[in-house]
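Visitor: Got a predicted model here, sequence first, then my questions.
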Amino acid sequence: MPTAKTAPDNHPIIVGTGQHTWRETSVARTPVDALHAAAASALEDCGSAAIGDAIDTLATIRFIADTNPGTRDLFPRDPGAELARRLGIDNAARFIGAIGGNTPQYLVNHFATRLARGEVRAVLLTGAELLASLFAALRSGDDLSAWAGPGGTEPATIGHEREGLSATEMRHGLYEPINTYPLFENSLQRHLGRDRATHHAQLARLCAGMSAVAARNPLAWRQERLCAEDIGSVARHNRYIGYPYTRAMNALLEVDMSAALVLTTAGRARELGIDPARWIYLRGGVDVNDIWHPIERHNLHSSPALALAWQALTQHSGITLDEISHFDIYSCFPSAVEIACDAIGLSPLDERGVTVTGGLPFFGGPGNNYSLHAIAESVSELRNAGNGHALVTANGLYLTKHSLGLYSTEPAGEIPPPLDSATLQQRIDQGPRVVPASDPAGPATVETWTVAFDRNGPKQGIVIARNTAGERIVANTPGEPAALERLLAEDPIGQQGQVRENDGFNTFEL
């Protein structure tokens, strides 16, 4: 069996991790402060005084609020510039990751390939979200002018920067993930042949398992262990957000958190004197997107891209599903977990668990940066165990962008060529897709649906349907309470209705 002594010099490894959670909001803590805290911890975790001088590449995860026109100016254009100055690594090349929850794993995969090729020596990857402090300041009117820091030019972006939805999907409310993922969920319920009560109980059990992990994680935002009944029951503080999801089933965004990783190679780690007990080997990574616009996908309850990515990754690494000891399946909503588990052949209720952190609803879902925490926590779990393999799946946009990473306490005997994600992507792009209706007016059959709620109750119905030609239509239902209550009272999938179109806006009535 290969060991640290025999690991190939160009084997990509993680040698340092850092994570921070701040439970008290503060406008005095700037985004760069948060990045610095995690980065400094990760460098210290390496256990080598020489690691700082070895860092030649610095990449930061884009803050999620940096993409909102209303808050974009509050954030630095080049957060890595000030961070590098504080850390004394001013000569490091700087990059920024694209928007999307897949980005941390995507960057690990990207730089692992470059490390193996000898193009970079050591990489510091860090990200932070201060959404709890941001939202508190916006509500109170506190001054956030110090957050942006000095001006600067944004560094090169790594990853796919592209609008996630078509104009039609945007127009009908799918831009909010709290509306889109319930559409996947209700499609999945019908596909599995479950009645509503049985399916809802399964969602609650899945989330209760994640809650149990968060309860024993000192970094988790929500450390109260909730039972399935607490999670599934609708109550004042656990109302529906988008049917069938209660509040406890949704990602928890208002958190202040940061995380960081240090990546290098086995050969470089030997030179730097880093203890091999701290090395965690990246045994493979892959990035594949599903068909970009949800309404063009063959169905709304599966992920062909994830299935193809896992098949390629397990063949590439030689590590099977049964050999994996730790999982972190991206968990912004239950459908993301269920669909990913189906793609890789894992039960969502597997005794090994689906998260090492506690998941986005309980550990916290810090914007684009969650999976950096998942990777850092996986490294800690593997180090503590002393053996095993961990799989991290990361998801961006609307089950659109998928990045997978396989981590291990054991090195590969030799480094195979990196997985050819481009060839895998061609297979997805050439696969079956559904044509959106150019003329949506007329009869249509419901394929999936949801009702979005606010604090006062049901507010908007969303339906995805097929017309008689098999083309797909996205529409809203009338906003009257009776129409919304009918959707909630019945299972409308398979029912027929009529679509009216008015200036690009579609209305569906059963």
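Guide: Everything's here; your move. Numbers count the residues shown, from 1 in each chain.
Visitor: Now do residue 280: how many residues are near it, please.
Guide: 24 (other CB atoms under 10 Å). Just so you know, the C-beta spots here come from the backbone N, C-alpha and C atoms, and that holds for glycine as well.
Visitor: how far does stretch 492-510 stretch from start to finish?
Guide: The first and last residues of stretch 492-510 sit 8 Å apart, counting by CA to CA, to the nearest Å.
Visitor: Give me the mean pLDDT for it.
Guide: Average pLDDT, stretch 492-510: 96.
Visitor: same question, stretch 245-258
Guide: The model assigns stretch 245-258 a mean pLDDT of 98.
Visitor: pretty sure residue 458 is in a strand, no?
Guide: Yes - when DSSP: H, G, I helix; E, B strand; the rest coil is applied, residue 458 is found to be in a strand.
Visitor: Identify the residue spatially nearest to it, adjacent ones excluded.
Guide: residue 484 (4.0 Å; CB to CB, 6 or more residues apart in numbering).
Visitor: Same question for residue 126.
Guide: residue 260 (3.8 Å).
Visitor: do residue 164 as well
Guide: Here the residue nearest residue 164, using CB to CB, 6+ apart, is residue 397, at 3.9 Å.
Visitor: Likewise for residue 154?
Guide: That would be residue 77: by CB to CB, 6+ apart, it lies 4.6 Å from residue 154.
Visitor: Same check on residue 98?
Guide: residue 159 (3.0 Å).
Visitor: In this structure that neighbour contacts residue 101, no?
Guide: No - between residue 159 and residue 101 there is no contact under CB atoms under 8 Å: 11.4 Å.
Visitor: which of the two has more neighbours?
Guide: residue 101 (31 against 23).
Visitor: residues in contact with that one?
Guide: 330, 332, 368, 370-371, 394-397 (CB atoms under 8 Å, 6 or more residues apart in numbering).
Visitor: Return the member of those residues nearest to residue 294.
Guide: residue 397 (9.1 Å; CB to CB).
Visitor: The residue nearest to residue 164: how many residues sit nearby?
Guide: By other CB under 10 Å, the burial measure for residue 397, its neighbour count, is 21.
Visitor: which residues sit in contact with it?
Guide: Taking CB under 8 Å, 6+ apart, one finds 100-101, 164 in contact with residue 397.
Visitor: again, only using 10 Å
Guide: By CB atoms under 10 Å, 6 or more residues apart in numbering, the residues touching residue 397 are 99-102, 160, 162-165, 177, 180, 289-290, 292, 294.
Visitor: longest strand of the protein?
Guide: strand 442-454 (DSSP state E).
Visitor: which stretches of the stretch 101-250 of the chain form strands?
Guide: 123-130, 156-158, 240-242, 245-246 (DSSP state E, counting those that start in this stretch).
Visitor: Redo these as a markdown table? Include distance to residue 223 and mean neighbour count.
Guide: Output for the strands of the stretch 101-250 of the chain, formatted as a markdown table (distance: least, CB to CB, whole Å; neighbours: other CB atoms under 10 Å):
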| stretch | distance to residue 223 | mean neighbour count |
| --- | --- | --- |
| strand 123-130 | 18 | 30 |
| strand 156-158 | 34 | 13 |
| strand 240-242 | 22 | 23 |
| strand 245-246 | 19 | 24 |
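Visitor: Need those strands in CSV (columns: distance to residue 59).
Guide: What follows is the strands of the stretch 101-250 of the chain, written out as CSV (distance: least, CB to CB, whole Å):
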stretch, distance to residue 59
strand 123-130, 5
strand 156-158, 7
strand 240-242, 33
strand 245-246, 33
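Visitor: Figure out which of those is closest to residue 89.
Guide: Here strand 123-130 is closest among these (CB to CB), at 7.2 Å.
Visitor: Point out where this protein drops to low pLDDT.
Guide: Per-residue confidence for the chain (pLDDT under 70) gives no ranges below the cut-off.
Visitor: can you name the farthest residue from the center of it?
Guide: In the chain, counting by CA atoms, centre = their mean, residue 442 sits farthest out from the average C-alpha position, at 37.3 Å.
Visitor: Quick check: closest non-adjacent residue to the residue nearest the centre of the chain.
Guide: Geometric centre of the chain, nearest residue: residue 101, 3.3 Å, by CA atoms, centre = their mean. Using CB to CB, 6+ apart and skipping the chain neighbours, the partner closest in space to residue 101 is residue 396 (4.9 Å).
Visitor: Kindly report the same for residue 232.
Guide: residue 204 (3.3 Å).
Visitor: neighbours of that neighbour, just the number please.
Guide: 22.
Visitor: who's in contact with it?
Guide: 226-233, 246, 248-249, 334.
Visitor: Next: residue 61.
Guide: 35, 79, 96-101, 103-104, 106-107, 125-129, 159, 258-260, 366-372.
Visitor: correct me, but the residue nearest to residue 101 touches residue 103?
Guide: Yes - the pair residue 396 / residue 103 is scored as a contact, 6.6 Å apart, by CB atoms under 10 Å.
Visitor: the more surrounded of the two?
Guide: Ranked by neighbour count (other CB under 10 Å), residue 396 and residue 103 place residue 103 first, with 30 against 25.
Visitor: dump the residue contacts of the more buried one.
Guide: Applying CB under 10 Å, 6+ apart, the residues contacting residue 103 are 59, 61-62, 96-97, 110, 127, 158-160, 367-372, 394, 396, 401, 403.
Visitor: Select the longest helix from the protein.
Guide: helix 196-215 (DSSP state H).
Visitor: Figure out how far that one is from the centre of its chain.
Guide: The chain centroid and the centroid of helix 196-215 are separated by 19 Å under CA atoms, centre = their mean, to the nearest Å.
Visitor: tell me which residues in that helix are buried?
Guide: For helix 196-215, a neighbour-count test (16 or more other CB atoms under 10 Å) marks 199-200, 202-204, 206-214 as buried.
Visitor: before we move on, which element is the residue nearest to residue 126 in?
Guide: Under the criterion of DSSP states H and E, residue 260 resides in strand 256-265.
Visitor: Just the CA coordinates for the helix or strand following that strand, please, in PDB.
Guide: Where DSSP H and E defines the elements, the next helix or strand beyond strand 256-265 is helix 266-272. Taking Å, rounded to 0.1, in the frame of the first residue of the first chain, the C-alpha atoms of helix 266-272 are listed here in PDB:
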ATOM      1  CA  ALA A 266       3.800  15.700  -1.300                       C
ATOM      2  CA  GLY A 267       7.200  16.600  -2.600                       C
ATOM      3  CA  ARG A 268       6.900  20.300  -1.500                       C
ATOM      4  CA  ALA A 269       5.500  19.200   1.900                       C
ATOM      5  CA  ARG A 270       8.600  17.100   2.400                       C
ATOM      6  CA  GLU A 271      10.800  20.100   1.600                       C
ATOM      7  CA  LEU A 272       8.800  22.300   4.100                       C
END
